[in-house]
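# One predicted model, sequence on top.
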Amino acid sequence: MPATDVPAIDVLAVSRLPPLYLDPLRAAYRVHDRLHETDPAAFAAVAPRIRAVAGSGESKVSAELMARLPALEVVAIMGVGYDGVDVEAAKARGVRVTHTPDVLNDEVADTALGLMLCAARQLPAADRFVRAGQWPQGAFPLQTRMSGKRLGLLGMGRIAKAIAQRAQAFGMSIAYTARSAKPELPYRFWPTPAALAAESDFLVVITPGGAATRKLVDAAVLRALGQGRGNGFLVNVARGPVVDEAALIEALEAGTIAGAALDVFEQEPQVPARLMALPQVVLTPHLGSGTRETRQAMADLALANLQAHFAGQPLPTLVPELR
Ligand code: 8YV
């Protein structure tokens, strides 16, 4: 495309974006891909012109970065989570922040159910067992049933509801904890994570990240989940820092809980070696929403927000704090 056809809107991509988002962004705007990290001098020259920031659910958009972007109008996150964005600072500046809710609910819920089954039935370990040629020497050890057990949801937003629907098909009983009870739902409410954990066989973390939920799952919650007999599986498809990773490793090493399945970690993409050494733990690389179909829908929605902003139209999915 000749340079003259490219609209003169400068966009900073703050992290490595998937081509599904980056390619259409580049076609529509003048994109500066991680320039703030790779070339400070070039960034300083272009920063005053940057009107939009594009990022993913894990991106950091700090008050300091925004302070360096005097023309910034909008931050478009491809992800339902936006805990890396300083929304208060954005609000104070009149910068709009958008995210991509709903289009990933089914995908993340599917992942959660898959991880619950993997943790209870040890399917990844069973696969390793077959590949290692161990089957001829004897049967794979018996595992734990999931159907009919008690599911505890830490969080009761849109994705949690999609998980609950699926868990009902497995005959599971469903309870949850959240900031407040939702009497319209047919699920039992517990006021604290520990109270919920004490009544759960599977504790699934599906709450937003950020300061309000940091280390919500701590040693006491894990003890409650274990119920004094190594009961309980922890599944995290939310954000790593919601779980105290050190406390989780200790609980797993000590056999306080039965196992865990983790899609998110405190320092992604780093996974502690002690966690990797535990056979009863299932580890996946933050793929909760990771199908072509869903990531396409997320990229389309992120772009639609930017385009609506620059066309002066209502934004499809502004974050709730700014509505
Ligand atoms: C992705 C996510 O990892 O939506 C979120 O909050 O964590 C994810 O679905 C990522 O943001 C995709 O860009």
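Sure thing, it's come through. Numbering: from 1, shown residues only.
# hey, let's count contacts and neighbours off CA atoms from now on
Will do.
# list the contacts for the residue lying closest to Val282 once chain neighbours are set aside?
Distance criterion CA to CA, 6 or more residues apart in numbering; nearest residue to Val282, sequence neighbours excluded, is Ala261 at 4.4 Å. Contacts for Ala261 (CA atoms under 8 Å, 6 or more residues apart in numbering) come out as Leu115, Met116, Cys118, Ala119, Phe233, Leu234, Val235, Asn236, Val281, Val282, Leu283, Thr284.
# tell me the SS of Ala76?
Put simply, Ala76 is strand when judged by DSSP: H, G, I helix; E, B strand; the rest coil.
# Can I get the buried part of the contacts of Ala261 as one PyMOL selection?
Only the buried entries of the contacts of Ala261 go into this PyMOL selection, using 16 or more other CA atoms under 10 Å:
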select buried, resi 115+116+118+119+233+234+235+236+281+282+283
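# The contacts of Ala261: which two are farthest apart?
Maximum pairwise distance among these (CA to CA): 15.5 Å, between Phe233 and Thr284.
# My read is that Glu73 contacts Ala52, right?
Yes - if you go by CA atoms under 8 Å, Glu73 and Ala52 touch, sitting 5.9 Å apart.
# thinking again about what came up before, what about the residue nearest to Val282, helix or strand, and which?
Using DSSP states H and E, Ala261 falls within strand 259-262.
# how many neighbours does the closest residue to the ligand within the stretch 201-323 of the chain have?
Scanning the stretch 201-323 of the chain for the residue nearest the ligand gives Ser289, at 4.6 Å (criterion: CA to the nearest ligand atom). For Ser289, the count of nearby residues is 22 (other CA atoms under 10 Å).
# and what of Gly230?
Gly230: 18 surrounding residues under other CA under 10 Å.
# now swap in Leu322 and tell me
By other CA under 10 Å, the residues close to Leu322 number 14.
# Next up, phi/psi of it, please.
The phi and psi values for Leu322, taken as degrees, to the nearest 10, are phi -110, psi 0.
# Need the pLDDT of it.
Listed pLDDT for Leu322 reads 97.
# ok, now Ala8?
For Ala8, the pLDDT comes out at 89.
# hang on, it is in a strand, isn't it?
No - counting by three-state DSSP, Ala8 falls outside a strand, being coil.
# on that earlier part again, bridged to the residue nearest to Val282, which residues?
Taking DSSP bridges as the rule, Ala261 bridges to Val235, Val282.
# For Gly226, which non-adjacent residue is spatially closest?
In space, Gly226 comes closest to Ile257 once its chain neighbours are excluded; the distance is 4.5 Å by CA to CA, 6+ apart.
# helix or strand for the one you found, which one?
According to DSSP H and E, Ile257 maps onto no helix or strand at all.
# Would you mind measuring from the residue nearest the centre of the chain to Leu222?
Nearest residue to the geometric centre of the chain (CA atoms, centre = their mean): Ala238, 4.0 Å. Note on Ala238: its distance to Leu222, by CA to CA, to the nearest Å, is 17 Å.
# Same question for Gly133.
Per CA to CA, Gly133 is found 35 Å from Leu222.
# These two - which one has more neighbours?
Between Gly133 and Leu222, counting by other CA under 10 Å, Leu222 is the more crowded of the two (29 against 9).
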